[in-house]
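J.: Let me see the structure of the following:
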Amino acid sequence: MIVFSNTTPFIALSSIGQLELLPALFDKVHVAESVASECAEGGRILVPDLWTLSWVVQVADEETSTLPILFELDRGEKQTIELPRKCNADRVIIDERLGRRVAEYLQLKVTGTLGVLAKAKDIGLIPSFSEAAQTMREQGIHYNAGLVARIAQRLGEISP
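T.: Down below sits the predicted model:
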(Lines give C-alpha, C1' and ligand atoms only; values in the text may rest on other atoms or scores of the structure.)
Protein backbone atom coordinates (compact mmCIF):
# COMPACT_ATOMS: atom_id res chain seq x y z
CA MET A 1 0.00 0.00 0.00
CA ILE A 2 1.39 3.40 -0.97
CA VAL A 3 0.34 6.16 1.43
CA PHE A 4 1.42 9.80 1.40
CA SER A 5 0.97 12.22 4.28
CA ASN A 6 0.91 15.97 4.55
CA THR A 7 2.35 17.93 7.48
CA THR A 8 -0.61 18.36 9.84
CA PRO A 9 -1.14 14.64 10.60
CA PHE A 10 2.49 14.41 11.75
CA ILE A 11 2.03 17.45 14.00
CA ALA A 12 -1.33 16.31 15.36
CA LEU A 13 -0.21 12.76 16.13
CA SER A 14 3.07 14.00 17.62
CA SER A 15 1.06 16.28 19.92
CA ILE A 16 -0.46 13.23 21.63
CA GLY A 17 2.54 10.90 21.40
CA GLN A 18 0.85 8.68 18.80
CA LEU A 19 3.04 9.12 15.74
CA GLU A 20 3.67 5.37 15.71
CA LEU A 21 0.05 4.80 14.67
CA LEU A 22 1.09 5.64 11.12
CA PRO A 23 3.46 2.69 10.61
CA ALA A 24 1.16 0.45 12.65
CA LEU A 25 -1.67 1.16 10.21
CA PHE A 26 0.14 1.74 6.92
CA ASP A 27 3.59 0.14 7.32
CA LYS A 28 5.41 2.84 5.30
CA VAL A 29 4.39 6.46 4.80
CA HIS A 30 5.72 8.42 1.84
CA VAL A 31 6.63 12.03 2.52
CA ALA A 32 7.58 14.80 0.12
CA GLU A 33 10.74 16.75 0.96
CA SER A 34 8.67 19.91 1.37
CA VAL A 35 6.48 18.22 3.98
CA ALA A 36 9.53 17.09 5.94
CA SER A 37 10.87 20.65 5.75
CA GLU A 38 7.58 22.04 7.09
CA CYS A 39 7.72 19.58 10.00
CA ALA A 40 11.35 20.50 10.70
CA GLU A 41 10.60 24.23 10.85
CA GLY A 42 9.55 23.69 14.41
CA GLY A 43 6.78 25.23 16.34
CA ARG A 44 4.96 24.70 19.55
CA ILE A 45 4.64 20.97 18.87
CA LEU A 46 7.86 19.15 18.10
CA VAL A 47 7.87 16.56 15.35
CA PRO A 48 10.86 14.21 15.10
CA ASP A 49 13.13 14.55 12.08
CA LEU A 50 11.09 12.50 9.62
CA TRP A 51 14.19 11.20 7.84
CA THR A 52 15.28 9.44 11.04
CA LEU A 53 12.11 7.33 11.12
CA SER A 54 12.62 3.95 9.45
CA TRP A 55 9.03 3.84 8.22
CA VAL A 56 9.14 7.17 6.38
CA VAL A 57 9.92 6.96 2.66
CA GLN A 58 11.52 10.16 1.40
CA VAL A 59 10.21 11.39 -1.94
CA ALA A 60 11.88 14.23 -3.81
CA ASP A 61 9.67 17.19 -4.62
CA GLU A 62 8.80 17.51 -8.28
CA GLU A 63 7.52 20.32 -10.43
CA THR A 64 3.83 20.63 -9.79
CA SER A 65 1.36 20.96 -12.60
CA THR A 66 -0.16 24.26 -13.50
CA LEU A 67 -3.68 23.08 -12.75
CA PRO A 68 -5.56 26.15 -11.49
CA ILE A 69 -7.14 24.03 -8.76
CA LEU A 70 -3.72 23.74 -7.08
CA PHE A 71 -2.93 27.46 -6.92
CA GLU A 72 -4.35 28.07 -3.43
CA LEU A 73 -2.42 25.21 -1.83
CA ASP A 74 0.95 25.51 -0.11
CA ARG A 75 3.97 23.62 -1.46
CA GLY A 76 3.59 20.67 0.92
CA GLU A 77 -0.08 20.21 0.06
CA LYS A 78 0.64 20.43 -3.67
CA GLN A 79 3.33 17.76 -3.36
CA THR A 80 1.11 15.58 -1.15
CA ILE A 81 -1.49 15.64 -3.92
CA GLU A 82 0.67 15.59 -7.05
CA LEU A 83 3.20 12.89 -6.08
CA PRO A 84 0.54 10.29 -5.19
CA ARG A 85 -1.18 10.92 -8.52
CA LYS A 86 2.07 10.16 -10.36
CA CYS A 87 2.69 6.87 -8.56
CA ASN A 88 -0.91 5.68 -8.20
CA ALA A 89 -0.83 5.84 -4.42
CA ASP A 90 -3.58 4.12 -2.49
CA ARG A 91 -4.28 6.97 -0.06
CA VAL A 92 -3.28 10.44 1.09
CA ILE A 93 -3.53 11.66 4.67
CA ILE A 94 -4.39 15.33 4.68
CA ASP A 95 -6.42 17.44 7.11
CA GLU A 96 -6.78 20.87 5.54
CA ARG A 97 -10.25 21.31 4.04
CA LEU A 98 -9.15 22.81 0.73
CA GLY A 99 -6.40 20.24 0.27
CA ARG A 100 -8.86 17.41 0.96
CA ARG A 101 -11.36 18.81 -1.52
CA VAL A 102 -8.73 19.16 -4.22
CA ALA A 103 -7.40 15.64 -3.59
CA GLU A 104 -10.90 14.19 -3.73
CA TYR A 105 -11.68 16.16 -6.88
CA LEU A 106 -8.55 14.66 -8.44
CA GLN A 107 -9.87 11.22 -7.43
CA LEU A 108 -7.42 10.42 -4.65
CA LYS A 109 -8.59 8.41 -1.65
CA VAL A 110 -8.31 10.72 1.33
CA THR A 111 -8.25 10.25 5.07
CA GLY A 112 -7.24 12.61 7.82
CA THR A 113 -5.84 12.45 11.31
CA LEU A 114 -9.28 11.72 12.74
CA GLY A 115 -9.64 8.85 10.28
CA VAL A 116 -6.28 7.51 11.43
CA LEU A 117 -7.44 7.68 15.06
CA ALA A 118 -10.77 6.02 14.20
CA LYS A 119 -9.03 3.15 12.41
CA ALA A 120 -6.60 2.80 15.32
CA LYS A 121 -9.53 2.60 17.75
CA ASP A 122 -11.34 0.09 15.49
CA ILE A 123 -8.43 -2.34 15.60
CA GLY A 124 -7.52 -1.78 19.25
CA LEU A 125 -4.36 0.30 18.90
CA ILE A 126 -5.78 3.06 21.12
CA PRO A 127 -8.36 2.71 23.91
CA SER A 128 -10.42 5.78 23.04
CA PHE A 129 -10.87 7.92 19.96
CA SER A 130 -12.63 10.62 22.00
CA GLU A 131 -9.81 10.88 24.53
CA ALA A 132 -7.21 11.14 21.77
CA ALA A 133 -9.23 13.87 20.01
CA GLN A 134 -9.69 15.73 23.32
CA THR A 135 -5.96 15.53 24.08
CA MET A 136 -5.19 16.97 20.65
CA ARG A 137 -7.64 19.80 21.37
CA GLU A 138 -5.85 20.49 24.66
CA GLN A 139 -2.59 20.68 22.69
CA GLY A 140 -4.09 23.27 20.34
CA ILE A 141 -5.00 20.95 17.48
CA HIS A 142 -8.66 21.63 16.72
CA TYR A 143 -11.01 19.65 14.53
CA ASN A 144 -14.69 20.25 13.87
CA ALA A 145 -16.53 19.26 17.07
CA GLY A 146 -19.48 17.86 15.11
CA LEU A 147 -17.19 15.64 13.06
CA VAL A 148 -15.43 14.40 16.20
CA ALA A 149 -18.82 13.61 17.78
CA ARG A 150 -20.07 11.76 14.67
CA ILE A 151 -16.95 9.60 14.55
CA ALA A 152 -17.15 8.91 18.30
CA GLN A 153 -20.79 7.91 17.85
CA ARG A 154 -19.95 5.62 14.93
CA LEU A 155 -17.29 3.99 17.10
CA GLY A 156 -19.82 3.45 19.90
CA GLU A 157 -18.10 5.83 22.30
CA ILE A 158 -21.14 8.10 22.65
CA SER A 159 -24.87 7.47 22.23
CA PRO A 160 -26.84 8.87 19.32
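J.: neighbouring contacts of stretch 143-152?
T.: Contact with stretch 143-152 is made by Asp95, Thr113, Leu114, Leu117, Ala118, Phe129, Ser130, Ala133, Met136, Arg137, Ile158, as judged by C-beta atoms under 8 Å, 6 or more residues apart in numbering. Heads up, the C-betas are built off the backbone N, CA and C, glycines and all.
J.: Just the buried ones out of the residues you listed, please.
T.: Judged by neighbour count, with 16 or more other C-beta atoms under 10 Å as the criterion, the buried members of the contacts of stretch 143-152 are Asp95, Thr113, Leu114, Leu117, Ala118, Phe129, Ser130, Ala133, Met136.
J.: Can you say which helix or strand has the fourth one in it?
T.: Mapping Leu117 onto the secondary structure by DSSP states H and E places it in helix 113-122.
J.: who does that helix touch, helix- and strand-wise?
T.: Here helix 113-122 is seen to pack against helix 7-15, helix 21-26, strand 91-93, helix 129-138, helix 145-154 when contacts are counted using 3 or more C-beta pairs under 8 Å, 6 or more residues apart in numbering; DSSP states H and E.
J.: now the angle from that helix to helix 145-154?
T.: If you take axes from the mean of the first three to the mean of the last three C-alpha atoms, to 10 degrees, helix 113-122 sits at 20 degrees to helix 145-154.
J.: tell me the domain ranges of the protein?
T.: The chain resolves into domains spanning 3-113, 114-155 when parsed by the TED database.
J.: Any stretches of the chain with poor pLDDT?
T.: Within the chain, the set of residues satisfying pLDDT under 70 is empty.
J.: buried stuff in the top helix by length along the chain?
T.: Using DSSP state H to define each element, the chain has its longest helix at helix 75-86. For helix 75-86, a neighbour-count test (16+ other C-beta under 10 Å) marks Gly76, Glu77, Lys78, Gln79, Thr80, Ile81, Glu82, Leu83, Pro84 as buried.
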